[in-house]
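K.L.:
Fold the following and give me the result.
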Amino acid sequence: MNRRPERIDGRTAERLFSEAVAAHRAGDFALAARRLEKLRAAFPDHPDVLHLLGHVRLGQGRPLDAIDPLRRAVRAAEKTGRKDLLVSVLNALGSAERRAGEPAKAAQTLERAAQLAPNDADIYFNLGNALKDCGRLADAAAQFARVADLAPRDPAVHFVLGDVRLAVNDFSRARDALEKAVALDPNHVEAHVRLGILRAFVGDADGAVESTMRALRLAPGHAQARSNLILQMIYGARYPAADILAEARRWNDVHAPRSEAPSFLNARDPDRRLKVGYVGGDFRGHPVGWFARGPFAHHDTRAVETFVYMTDVRTDRVTEELHARAGHWRDAAPWDTDRLAAAIRADGIDILVDTVGHFDPRQPLLFARRPAPVQTIGLGLVGTTGLTAMDYIVADRFEIPSGSERFYGEAVVRLADDYVCYAPPEYAPSVASLPAKINGYVTFGSFNNSSKYSPESIALWARVLRAVPDSRILLKTLPLGDPGYRAHFTERFADHGIAADRLFLEGYAPHAEFLAAYGRVDIALDSTPYAGGLTTLESLWMGVPVVTLAGETFAARHSVSHLSNAGLPELIARDADDYVAIAARLAADLDRLADLRASLRSRLAASPVCDGARYTRGLEAAFREMWRRWCAGGSPRAINITFAGEEPRSFDVPPQ
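P.N.:
Below you'll find the predicted structure:
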């Protein structure tokens, strides 16, 4: 038998509602919910009761349960004609829908609220967040810009505006918004973190370090900021390898969990089939993805069972290829660190490969937990991780020359050739004729990531341009699609006496078009102190020689390794004067330059750099030696891979 709802007189209803309002304000959501449910039983369509009940359930962390009363409140408010109440209810409903994982519905709800209240900053802020969750970042930025106009003194608004503009590569305006946020609130940690990221991305490593250090002074336990700091130091010329190692070890001291050494159930059989796990989010059209093509195509499945833990939702045709070649593929993007570590342990991984390092701040947190008996960094590395839980670093004798081991916290593995192998895309265009013979002037170029466009790089490139009269330089990188940053780099060259008419500054292009643009370049100029990696290999594949400057750090020696293994050591400079001289000599003999251009692709293809089977054989030999040492209970120590009957080439470049 159904009970009739309790009859409540007007005075009692007012008391119950007042008590619910007071409890809600005090954070006593349980009491507020009890009062409102009693009122709802007596007045099932009262808009104020339904509205407040929705807010209470949001306060309880129950957005799904908030949606029904709020939708009912919308209909009830529409009947009353109370526009102010309808706007408020729609705003609350949009928030509930977004928090319940329905951002598209939330955006529709909040757009309706915004039409009714075009000057309500809170509605536009919520709408911006819903659009952001939908992936409509440009639309979200427009809403946050409107909020900034309505609430110009709110640092949180300027921060989120800058954050979204950074995500859509609107770099100049992102910088303006983030700088406004820290001007309004000098203690806004995340704004300092984002400014550090932005400044690094446009070649200002020193400014990036300054911003990130401010964030760390405010929040010493900010793991992402400390990972960012390590990378920003790698991009800067003022930070020697010893300082980078010290900062990486500081990350370990602050963030690595203090716990007993884990025990593993992995069978200590030195010769059994190994389970090798690769972890990272860059198994796509990214240097890691291109470098993974070789080993994934050539792993000996009798000796190695591969597992991939993909930590990013972004995929492309490179991802599809790697997915098809991997033994096991785990879509781990939604997983937190604990779940990922548990999955790795459950899979019984023997050797875990970090392909990202500090580029993904979640990665060192994962490896610090040591989910596998043997852990190494390879494929996407730019230097030491500093983790005591990281056993090995995969390199070669050019990346880490003898005597440089002291700059690494891991035991050094030196492969027989290059530390990576290159499998070029099948869609790469044919090598174009030498453009200088058509243009009547030499065009230098750098297509490196803009983070590498350091003051030292600009100064060095300007010296080359001055040494080769009438020459030009083509720079092609994402931020140069932003007019503000084109002007910025034009000014930087002008500071060194290089006029704007000698600069070709271009932004993003799809990969095939990006490669085709090498047809307009005669000689590539490498960046310093962070050298080209994949970019150097792509340049050589497109017939364009690369002049590089050997440095001390791992990142400063990528091109040293690639050029050495391709048989082109004459392109490696030992100092800035040598760099300028090499570039000028190449530019002075166009016939020789044309012959070199015509031969580079075949030379690279025939070299160990592109020999995926040979590379994988060496990598698997390294894995096997790592595993044998673990089985024997020994500590990690240096491994040098050689092939029987071969003598390593003697060419080497000492650190600066």
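
K.L.:
pull the longest helix from the protein.
P.N.:
In the chain, taking DSSP state H as the definition, the longest helix is helix 612-631.

K.L.:
Can you pull out the residues in contact with that one?
P.N.:
Counting by CB atoms under 8 Å, 6 or more residues apart in numbering, the neighbours of helix 612-631 from elsewhere in the structure are 268-270, 274, 276, 293-295, 297-300, 303-304, 350-351, 373-374, 376, 378, 391-392, 394, 413, 415-418, 420-421, 423, 608, 635-637, 639, 641, 643. Yep, even glycine has a C-beta here, placed from its N, CA and C like the rest.

K.L.:
That helix: what's the following helix or strand?
P.N.:
strand 639-640 (DSSP states H and E).

K.L.:
And that following strand, how far out from the chain middle?
P.N.:
Strand 639-640 has its average C-alpha position 30 Å from the chain's average C-alpha position, going by CA atoms, centre = their mean, to the nearest Å.

K.L.:
How about stretch 573-593?
P.N.:
The chain centre lies 34 Å from the centre of stretch 573-593; the measure is CA atoms, centre = their mean.

K.L.:
Stretch 343-356 too?
P.N.:
For stretch 343-356 - counting by CA atoms, centre = their mean - the centre lies 21 Å from the chain centre.

K.L.:
Which residues does that stretch contact?
P.N.:
Applying CB under 8 Å, 6+ apart, the set of residues contacting stretch 343-356 from outside is 265-266, 274-283, 288, 292, 307, 309, 311, 328, 330, 332, 335, 363, 367, 371-381, 385, 390, 623, 626-627.

K.L.:
got the CA positions of it in CSV?
P.N.:
Included here for stretch 343-356 are C-alpha records, laid out as CSV according to Å, rounded to 0.1, in the frame of the first residue of the first chain:
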residue,chain,number,x,y,z
ALA,A,343,48.7,-4.0,-15.2
ILE,A,344,52.5,-4.2,-16.0
ARG,A,345,53.0,-6.5,-13.0
ALA,A,346,50.0,-8.6,-13.9
ASP,A,347,51.4,-9.0,-17.4
GLY,A,348,54.7,-10.3,-15.9
ILE,A,349,56.9,-7.9,-17.8
ASP,A,350,60.6,-8.7,-17.5
ILE,A,351,62.1,-5.6,-19.1
LEU,A,352,60.2,-2.3,-19.2
VAL,A,353,61.2,0.4,-21.7
ASP,A,354,60.5,4.1,-21.0
THR,A,355,60.1,5.8,-24.4
VAL,A,356,59.1,9.2,-23.0
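
K.L.:
domains for this structure, by residue range?
P.N.:
The chain breaks down into these domains under automatic domain parsing: 10-230, 259-421+612-656, 436-610.

K.L.:
Just send those back as JSON lines, with distance to Tyr239 and mean pLDDT too.
P.N.:
Formatted as JSON lines, the entries for the domains of the chain read as follows, by distance: least, CB to CB, whole Å; pLDDT from 0 to 100:
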{"stretch": "domain 10-230", "distance to Tyr239": "8", "mean pLDDT": "95"}
{"stretch": "domain 259-421+612-656", "distance to Tyr239": "11", "mean pLDDT": "93"}
{"stretch": "domain 436-610", "distance to Tyr239": "8", "mean pLDDT": "97"}
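
K.L.:
could you pull out the strands for this structure?
P.N.:
Secondary structure of the chain by DSSP state E: the strands cover 274-280, 304-310, 328-331, 351-354, 374-377, 392-396, 411-415, 443-446, 472-476, 503-506, 523-525, 546-549, 572-573, 639-640.

K.L.:
any residues touching the third one, and which ones?
P.N.:
Looking back up the chat, that one is strand 328-331. With CB under 8 Å, 6+ apart as the test, strand 328-331 has contacts from Glu305, Thr306, Phe307, Val308, Tyr309, Met310, His323, Ala343, Asp347.

K.L.:
Pull out the buried positions in that strand.
P.N.:
If you call a residue buried by 16 or more other CB atoms under 10 Å, then strand 328-331 has these buried ones: Trp329, Arg330.

K.L.:
so what strands line up beside it?
P.N.:
strand 304-310 (parallel) (DSSP bridges).

K.L.:
residues in contact with the residue nearest to the spatial centre of the chain?
P.N.:
Relative to the mean C-alpha position of the chain, the nearest C-alpha, by CA atoms, centre = their mean, is the one of Phe359, at 5.4 Å. Shown here is Phe359, whose contacts under the criterion CB under 8 Å, 6+ apart are Ser227, Leu231, Asp282, Gly380, Val382.

K.L.:
Ala411 pairs with what?
P.N.:
When bridges are assigned using DSSP bridges, the partners listed for Ala411 are Tyr392.

K.L.:
what separates it from Gly135, distance-wise?
P.N.:
Taking CB to CB, to the nearest Å as the measure, Ala411 and Gly135 are separated by 42 Å.

K.L.:
for Glu552, same thing?
P.N.:
Counting by CB to CB, the gap from Glu552 to Gly135 is 41 Å.

K.L.:
So which of these two has more stuff around it?
P.N.:
Between Glu552 and Gly135, Glu552 has the larger neighbour count (other CB atoms under 10 Å), namely 18 against 9.

K.L.:
Isn't that one up against Ala241?
P.N.:
Yes. Judged on CB atoms under 8 Å, Glu552 makes contact with Ala241 at a distance of 5.1 Å.

K.L.:
Pull up the gap between the closest residue to Phe264 other than its chain neighbours and Leu131, please.
P.N.:
On the basis of CB to CB, 6 or more residues apart in numbering, the spatially nearest residue to Phe264 that is not a chain neighbour turns out to be Pro373, at 4.7 Å. The gap separating Pro373 from Leu131 is 45 Å, by CB to CB.

K.L.:
Pick out whichever of the two has more residues nearby.
P.N.:
Using other CB under 10 Å, the more surrounded residue of Pro373 and Leu131 is Leu131, with 26 against 21.

K.L.:
That one reaches Val160, doesn't it?
P.N.:
No. With contact defined as CB under 8 Å, Leu131 does not reach Val160; the gap is 11.7 Å.

K.L.:
Nearest spatial neighbour of Ala372, chain-adjacent residues omitted?
P.N.:
Here the nearest residue to Ala372 in space, its sequence neighbours aside, is Leu352; by CB to CB, 6+ apart that works out to 3.7 Å.

K.L.:
Quick check: that neighbour vs Ile523, distance?
P.N.:
Between Leu352 and Ile523 the distance, using CB to CB, works out to 41 Å.

K.L.:
cool, Ala145 as well?
P.N.:
Here Ala145 is placed at a distance of 43 Å from Ile523 (CB to CB).

K.L.:
quick one: which of the two has more around it?
P.N.:
The neighbour count for Ala145 versus Ile523, taken as other CB under 10 Å, is higher for Ile523 (28 against 19).

K.L.:
Alright, I will stop here.
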